[in-house]
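[1] just need the structure, nothing else, for what follows:
(one chain, ligands or ions: 1)
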Amino acid sequence: MKVLGFIGSPREGGNTEILVEEMLKGAGDVGAETKSFNLDKMAIAPCKACMHCKSNDGECATDDDMQEIYKELKEADAFVLGSPIYMWQMTAQAKLFTDRLYALFMTGFEEKYGKKDMALVFTQGNPDENTFEGYYNSTRDMFGFLGYNVVDMLSSQDNNAPGAVNDKKDVLEKARAIGKKLVKAD
Ligand SMILES: Cc1cc2nc3c(=O)[nH]c(=O)nc-3n(C[C@H](O)[C@H](O)[C@H](O)COP(=O)(O)O)c2cc1C
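    Got it, this is the predicted structure:
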């Protein structure tokens with residue numbers, strides 16, 4: 001059982017990293033092997049819409065760090081995507097990763113490598129938990145449409161300071177529980 005974590009924040013030691021790592025710890029607690037990737041440190045180009053993937057078994061023609069992620073995703077059972085909210089949406093780093101998952105969409109990936117479970121985690125500065133609810137829900141629905149089994153989603157508010165989420169024990173506990181749930185989802 002392998003669970004991957006994708007961190008969509010450029011801020012090292014920030015709230016996204018803390019929450020993604022907490023989910024991975026939860027998965028690790030119940031026996032999963034885990035590995036995390038900081039998307040900001042990887043060279044991931046935008047999808048070029050060349051459609052090479054659609055006639056080449058989901059192989060993406062862009063030779064960059066996303067190739068390593070495709071390989072890891074094939075072998076993994078589940079993954080976590082974490083992102084801060086930047087301008088009411090996920091960060092550019094998280095979106096580049098998300099767009100590049102298009103290569104795997106409707107190319108027999110699921111049949112060959114299994115349906116992957118996943119969890120989403122968002123952190124925001126705004127203290128109001130309802131402001132981005134519509135965005136969170138549509139992002140979850142989009143990943144479901146892409147073919148992933150979205151096991152759970154977590155958002156944490158009022159996190160302008162890096163590490164602010166460390167003071168929110170309930171949120172950390174929820175993150176850990178979601179990590180465990182990802183392992184049990186299989
Ligand atoms: C460029 C930028 C845009 C942001 N936009 C929003 C926003 O639209 N709404 C919000 O609530 N917080 C916004 N924030 C605050 C971050 O979402 C918040 O600080 C988050 O916890 C950062 O996560 P990190 O610690 O993992 O980097 C923004 C921060 C930056 C740097």
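
[2] count of residues packed around the nearest residue to Asn160 once chain neighbours are set aside?
    Spatial nearest neighbour of Asn160, excluding adjacent residues (C-beta to C-beta, 6 or more residues apart in numbering): Gly125 at 4.2 Å. No exception for glycine: its C-beta is placed from N, CA and C like everyone else's. For Gly125, the neighbour count with other C-beta atoms under 10 Å is 14.

[3] who's in contact with Gly125?
    Residues counted as contacts of Gly125 (C-beta atoms under 8 Å, 6 or more residues apart in numbering) are 85, 158-160.

[4] and the most centrally placed residue in the chain, how far is that from the ligand?
    Per C-alpha atoms, centre = their mean, the C-alpha nearest to the average position across the chain is that of Leu81, at 1.2 Å. Using C-beta to the nearest ligand atom, to the nearest Å, Leu81 is found at 13 Å from the ligand.

[5] let me see the contact set for the closest residue to that residue other than its chain neighbours.
    Excluding its sequence neighbours, the residue lying closest to Leu81 (C-beta to C-beta, 6+ apart) is Phe6, at 4.9 Å. By C-beta under 8 Å, 6+ apart, the contact set of Phe6 is 20, 36-37, 39, 69, 79-82, 94, 97.

[6] which of these lies closest to Ile178?
    Nearest to Ile178 among those is Val80, at 7.9 Å by C-beta to C-beta.

[7] can you show me the helices along this protein?
    Secondary structure of the chain (DSSP state H): helices at 15-29, 66-75, 92-100, 109-113, 133-146, 169-184.

[8] so can I have a markdown table of the contacts of Phe6 showing distance to Thr131 and pLDDT?
    Below are these laid out as a markdown table (distance: C-beta to C-beta, whole Å; pLDDT from 0 to 100):
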| residue | distance to Thr131 | pLDDT |
| --- | --- | --- |
| Val20 | 22 | 98 |
| Ser36 | 28 | 98 |
| Phe37 | 28 | 98 |
| Leu39 | 24 | 98 |
| Ile69 | 30 | 98 |
| Phe79 | 26 | 98 |
| Val80 | 23 | 98 |
| Leu81 | 20 | 98 |
| Gly82 | 18 | 98 |
| Ala94 | 18 | 98 |
| Phe97 | 24 | 98 |
